[in-house]
Every structure is written in structure tokens, then in C-alpha cells.
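[1] this one's structure only:
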């Protein structure tokens, strides 16, 4: 690991042997923005590979955007190359079909010959291995605001080629005030979480409300691709099993969350191949996967990825965790969503998806209207449960008509 000036880093990048190198940059809340700006100035053309990129990604001729999961910074951009892929398989993609030439990460200051990837581990260990196997370049933006986290976050300084030292506050997610619909959904989901469950939840109003509804529980565990402030609240309320660490792959939340993560052995950051491996997920006791969707149809298929025929996000880890949870002893998979899309003024329970399915065969679909049990029920029973229990009352008559024509009731 060699600490260099910005000018030296720019010279190294300008001297890359590939005309349009593939550059993989840490995404989510762990993007090294200053290093990315230097890279963009040094390279006339390149392919930028990021997961869930935030606004601020370069937008100019010569930059080709690539991602298996579209964030707000890439959504709707002309020429975007969407790479459909389960999150658990992205590391294999980096080895086989989209190998990076440069990897740029955020990192903590060194400790005992190592740095930590902090709040964004995810696919980065696999990316570092892939780029080093082909003689590429690993660049770290060392930042005193990045917490030193454990597990696969820890990287030997010998695996980093060049370092620039830049202190940038990490982006924080503002606290969301839960609305009535989210609280009603959470009230329906909480009874489905068994004692001693292992939880996986994402970010958003519904997951946050579910975590609040579980604050008085005891003995819960967390095995999730990401965590936010809701997990910190569970820890402080004594809801989590102290004998088992929180396992995650990345984090996004408040400065308070990041301070809690710093040098905290209670939290283990694992690479995507581990956190999202359905076989490992299936080993977790009473694994309870709670995810959201944009639509669910009468066949129980969920669309969480596409809007108006265009990719909006991606598979992410939803499919990984649904499969893992269903194979776990006492496991449960839940899709939770409002029964009515307020902005579009349409039902979220639809006859058939008009977009590609992200996942299917959940244990339950839960809305503010109620709970529709799916797994183990016949097709006719599933359809009736979705209409009678999950759909908004204003949509039920139309759904019944469609279900009759489709032979589902």
C-alpha cells in the first residue's frame, strides 16, 4: 500500500494499458466520491460498474454505466447497461464475464497492517480478488469517517496498491416517520415472526415499521444483506440474542449507526457470497425474510424490479433470501407492500404481472388489508386469499372477474 498524492494517482490511472477499462467502484453509502471524481478526470473513456449508485455518478460521453442493481444515480440514464443477476451471483460474474481492471473502495485508516472496508463490503472482496488475479489496480480512499468493521471487511494493506487520504463525511439516511399504512402492514407482519427468529429486512418505511413492532421481542438474530438504524434500536432494547453476532454485508443509516459499528465485534460484515448464499441462509434458525415489491399478481408472482417496462432496481438479494428462508427449519418468506399505490392510484395486487417477475412462491403476502397465506395452499386458495385478504376493497370485484376468466376461482 502506497499513499500517493492526487496528481500521482491521476498519472497511474492515465497510464492504464486498456483503452476503456472497467472500473468497479464501491456503491450504496460507501462510495469514495473524491477518488471517483479524480478517476473520471483522468480517463477519457471507461466502463463504470457500481451497485446501487447514488446521485453524482459521472454523466458524459465516454462513460458506460454498468450495474446488476440500479440506484438513483443510474436510473433512467441513456445507455445504461443493466446486468440482470441475483446478488449472490455477482461475484461469479466478476470472475467470469465482467472482470474489473480497476477497483476503487472507501477504507478506514490502517490498523495493525490492515484497513477495513467499513460499511460497504458486499461484492468488494470478490472484486479485489478478481482485479488482482489479472494484474489490475486496487485504489483505496482512506477516510477517518469510515468505521473499522470486522469479518470480510478487513483487507491486508498489501492487497491495496494506491491510497489517497481524503476525509469525507459518510452519507446518512434521514430518519423516516412511519405512516399509518406502514404501521398497519407492520402490525400484520409482526405476528408472523416466530420466537427466536433470524431476521432479514431491507430499507424503507415498511421494514422500519416492522422493526419497531419487534422491539419488545427477545432472542432475535439478524442475518441480512444490509442493516440500518432499526437493527441498532433492536440491540439497545435488548431484543437481539447477545450470543450471536449480527451478520450483514453493508450498512446505511445515521452517524450514530456508523459510530456503533466502529470496532464493534457484535457485527460481522461478510462478503456477498456468504450473506446471500441460500444454503447458508437456510441454516439460520427460523429464518424470516421480509421484502417488499411493487406488484403481486394472482399467481403469487412479485415484481420488485421493473416500472413501465424498464428496469427500476434489480433482483438484489430478494430471491436469495426467499429461497434460503423457505429451506430453513421454521423459515418464513414474507412480501409486504401497501394494497394501493397512492401515487399511481392503482391496486398493487393485479391479475397478472405486466413486468418481469422478481420472485415467487412466498410464504405470505401482507398488505395493510391483511395476510394472504400462499405456500402450501392450492392455486385457487392462493388466489382467494390474495383477493379477500390482501387486495384493497376497491380492487376486489375487478380481481374476482379476472380470476374467474383465468380459471383461478
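    Arrived safely. Keep in mind it's a predicted model, so treat the numbers as computed, not measured. Numbers count the residues shown, from 1 in each chain.

[2] Look up the pLDDT of residue 124 for me, please.
    Per-residue confidence (pLDDT) for residue 124: 98.

[3] Please report how far it lies from residue 31.
    Distance, residue 124 to residue 31, by Cβ to Cβ, to the nearest Å: 11 Å. For glycine as for every other residue, the C-beta is placed from the backbone atoms N, C-alpha and C.

[4] Equivalent analysis for residue 376, please.
    Distance of residue 376 to residue 31, computed by Cβ to Cβ: 43 Å.

[5] Mind checking which of those two has more residues around it?
    Higher neighbour count among residue 376 and residue 31: residue 31, with 28 against 8, using other Cβ atoms under 10 Å.

[6] Let me see the mean pLDDT of the longest helix along the chain.
    For the chain, the helix with the greatest residue count under DSSP state H is helix 393-405. Average pLDDT, helix 393-405: 98.

[7] for stretch 141-156, same thing?
    98.

[8] Offset the numbering so it begins at 49, please.
    From this message on, residue numbering opens at 49, which makes the last subject stretch 189-204.

[9] First-to-last residue distance for that stretch?
    15 Å (Cα to Cα, to the nearest Å).

[10] got the buried residues for it?
    189-191, 193-203 (16 or more other Cβ atoms under 10 Å).

[11] cool, stretch 139-148 as well?
    For stretch 139-148, burial by neighbour count (16+ other Cβ under 10 Å) applies to 139, 141, 142, 146, 147, 148.

[12] Pick the one among the residues you listed closest to residue 311.
    Of all the buried residues of stretch 139-148, residue 139 has the smallest distance to residue 311: 26.6 Å, by Cβ to Cβ.

[13] Make sure I have this right: residue 176 is in a strand.
    No. Residue 176: not assigned to a strand; according to DSSP: H, G, I helix; E, B strand; the rest coil it is helix.

[14] Next up, the contacts around it.
    151, 153, 186, 203, 207 (Cβ atoms under 8 Å, 6 or more residues apart in numbering).

[15] ok, 6 Å please
    151, 186, 207 (Cβ atoms under 6 Å, 6 or more residues apart in numbering).

[16] any idea how far residue 162 is from residue 196?
    9 Å.

[17] host element of residue 95?
    Using DSSP states H and E, residue 95 maps to strand 94-97.

[18] One more: residue 258?
    helix 253-261.

[19] And the helix or strand of the chain with the lowest mean pLDDT, what does it pack against?
    The helix or strand with the lowest mean pLDDT-type score in the chain, counting by mean pLDDT, DSSP states H and E, is helix 253-261 (a mean of 91). Judged by 3 or more Cβ pairs under 6 Å, 6 or more residues apart in numbering; DSSP states H and E, the packing partners of helix 253-261 are helix 228-237.

[20] counting contacts, what elements does the helix it packs on pack onto?
    Against helix 228-237 (3+ Cβ pairs under 6 Å, 6+ apart) you get helix 253-261, strand 380-384.

[21] Would you mind getting the angle between it and helix 253-261?
    60 degrees (axes from the mean of the first three to the mean of the last three Cα atoms, to 10 degrees).

[22] Can you give the distance of helix 228-237 from its chain's centre?
    22 Å (Cα atoms, centre = their mean, to the nearest Å).

[23] Of the buried residues of stretch 139-148, which belong to helices?
    Those of those lying in helices (DSSP H): 139, 141, 142.

[24] Going by distance to residue 245, which of these wins?
    Set against residue 245, the nearest of these by Cβ to Cβ is residue 139 (27.6 Å).

[25] picking up where we left off before, quickly name whichever of the contacts of residue 176 is closest to residue 158.
    When the contacts of residue 176 are compared against residue 158 (criterion: Cβ to Cβ), the nearest one is residue 207, at 12.2 Å.

[26] Who are the contact partners of that closest one?
    For residue 207, the contact set (Cβ under 6 Å, 6+ apart) comprises residue 176.

[27] do you know how far it is from residue 283?
    From residue 207 to residue 283 the distance is 31 Å (Cβ to Cβ).

[28] ditto for residue 340
    Taking Cβ to Cβ as the measure, residue 340 falls 23 Å from residue 283.

[29] that older thread, and which of the ones in helices among the buried residues of stretch 139-148 is nearest to residue 443?
    Residue 443 has its nearest neighbour among these in residue 141, at 38.6 Å by Cβ to Cβ.
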